[in-house]
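Colleague: from the sequence below, what's the structure:
(chains A and B)
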Amino acid sequence: MPLIAVLALAAGTYAFRLAGPVLHHRLRLPGRLRHLLSVTATVLLVALVATSALTEGHGFAGWARLAGVLAAGILALRKAPFPLVVVLAAATTALLRLCGIE
Amino acid sequence: MHSLWRTLDRGTLRDIALVCLADAVVGAAFGAIAVSGGLPPWVPVAMSLLVFAGGAQFAAVGVVLSGGAPIAAVAAGLVLNARLLPFGFAVGDVLRGRWWTRLAGAHLMTDEAVAFVLRDGDPRRRHAAFWACGLGLFVSWNAAVVLGALAGRGIGDTAALGLDAAFPAVLLALVLPSLTGRTERAARTERAARTERNAARTERAARTERNAALLGAAVAVAATPFLPAGLPVLLALTGLVLTVRAPSGSEVSCP
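Modeller: All right, here's what the predicted structure looks like:
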């Protein structure tokens, strides 16, 4: 990963962050567009969860990772604290791999 | 800084601390995964300081480690971070004051900080929650990434520790409330709205959003074997076709 790629990602990200606070008082997005932007964010986040839970490269990531992420989902639904969710997801995956389940 | 702690109640401060702790675990995983995957330690450290957006960092490093071109990594990260634009409009009011405070504050805008700001309607508490969460996360995230990157050389096999499950786990925990909590919110809107028709429309908008997300996720997973890394997530935007004829939630909430 070259430095120029890191800088490009950083500059673009900062531009996204700054636009809202700078334009906040000068520009009003129509309600319909604001709604669409928030749905877009949810769609992208859920797709990222699905692909990072299920796939690795061009194939299946294996049952161990999937089980860890599902465990996290159950804990999150039960409103467990964040650190617990994360540690138990990793622990579930690690334990399954220790038992030989990939 | 002192008034910051006085403005926030203990419950909010505890929640912010817990999120900082959880993200520190993920940050350490990020540093370790990047370095054990073969990247030099400066890459995860520089990314965390300059980009400071966990999801995009994992996405970009994931693309590179799975053999994708740097340009695909940048594109994947930028598309993910495009959500910061609508976030900025939603919480823009907390960044006021001198121009350099606004410039610095914008860099601290994360999903977590936005979530804490949206929990409160009071301008002073929104402001305090943003800065407490933003500064807390910046320090804990970057410190954890450095430690993870240092440990990454020694670990060798991060898969054995299950660290690859940490990132989807945090993201899932963050996105679940917006997928399942809508019914609760719809019920509240129903009480606020005068007609039942409005409540039914809000419900429908929430269901459409969930279906769009699920369709998008299915498309992204199905496309993964055939497309270069980074592109399948973008393809998830096809899920938005479901919203074309749906009512918008914000229109509905106006009485």
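Colleague: touching chain B at all, the helix or strand bottoming out on mean pLDDT in chain A?
Modeller: In chain A, no helix or strand scores lower on mean pLDDT, DSSP states H and E than helix A:31-54, which sits at a mean of 82. Yes. Helix A:31-54 comes into contact with chain B (CB under 8 Å from any CB of the partner chain), by way of A:31-32, A:34-54. To be clear about C-beta, it is placed using only N, CA and C from the backbone, and glycine gets the same treatment.
Colleague: the closest residue to residue B:234 other than its chain neighbours: neighbour count?
Modeller: For residue B:234, ignoring the flanking residues on the chain, the nearest one in space by CB to CB, 6 or more residues apart in numbering or on different chains is residue B:79 at 5.5 Å. Using other CB atoms under 10 Å in any protein chain shown, residue B:79 has 21 other residues around it.
Colleague: hmm, back to that, and the least confident helix or strand of chain A, which residues are buried?
Modeller: Going by neighbour count (16 or more other CB atoms under 10 Å in any protein chain shown), the buried part of helix A:31-54 is A:34-54.
Colleague: stretch B:140-159 too?
Modeller: Buried residues in stretch B:140-159 (16+ other CB under 10 Å): B:140, B:141, B:142, B:144, B:145, B:146, B:148, B:149, B:152, B:155, B:158, B:159.
Colleague: about what we covered before: run the chain-centre distance for whatever helix or strand comes next after the least confident helix or strand of chain A.
Modeller: Scanning forward in sequence from helix A:31-54 by DSSP states H and E, the next helix or strand is strand A:55-56. Taking CA atoms, centre = their mean, to the nearest Å, one finds strand A:55-56 lying 14 Å from the centre of the chain it belongs to.
Colleague: which neighbours does strand A:55-56 have in its sheet, and in what orientation?
Modeller: strand A:59-60 (antiparallel) (DSSP bridges).
Colleague: could you see whether chain B lies near the next helix or strand after the strand it pairs with?
Modeller: The element immediately downstream of strand A:59-60 (helix or strand, assigned by DSSP H and E) is helix A:63-77. Yes. For helix A:63-77, a contact with chain B is found by CB under 8 Å from any CB, at A:64, A:65, A:68, A:69, A:72, A:73, A:75, A:76, A:77.
Colleague: mind checking which of those are buried?
Modeller: Buried subset of those (neighbour count, 16+ other CB under 10 Å): A:64, A:65, A:68, A:69, A:72, A:73, A:75, A:76.
Colleague: contact partners for the fifth one?
Modeller: It refers to residue A:72. A:85, A:86, A:88, A:89, B:165, B:168, B:169, B:172, B:173 (CB atoms under 8 Å, 6 or more residues apart in numbering or on different chains).
Colleague: surely the fifth one meets residue A:69?
Modeller: Yes. Under the criterion of CB atoms under 8 Å, residue B:165 is in contact with residue A:69, at a separation of 5.6 Å.
Colleague: overlap in contacts of those two?
Modeller: Counting by CB under 8 Å, 6+ apart, the residues touching both residue B:165 and residue A:69 are A:53, A:89.
Colleague: for chain B, which residue gets nearest to chain A?
Modeller: The nearest approach of chain B to chain A comes at residue B:88, 1.7 Å away (CB to the nearest CB).
Colleague: near that residue, how many other residues are there?
Modeller: 22.
Colleague: nearest spatial neighbour of it, chain-adjacent residues omitted?
Modeller: Distances taken as CB to CB, 6+ apart put residue A:20 closest to residue B:88, at 1.7 Å, once the chain neighbours are dropped.
Colleague: burial count for the one you found?
Modeller: Neighbour tally, residue A:20, other CB under 10 Å: 23.
Colleague: try the one 3 residues further on
Modeller: Neighbouring residues of residue A:23 were enumerated by other CB under 10 Å; the total is 15.
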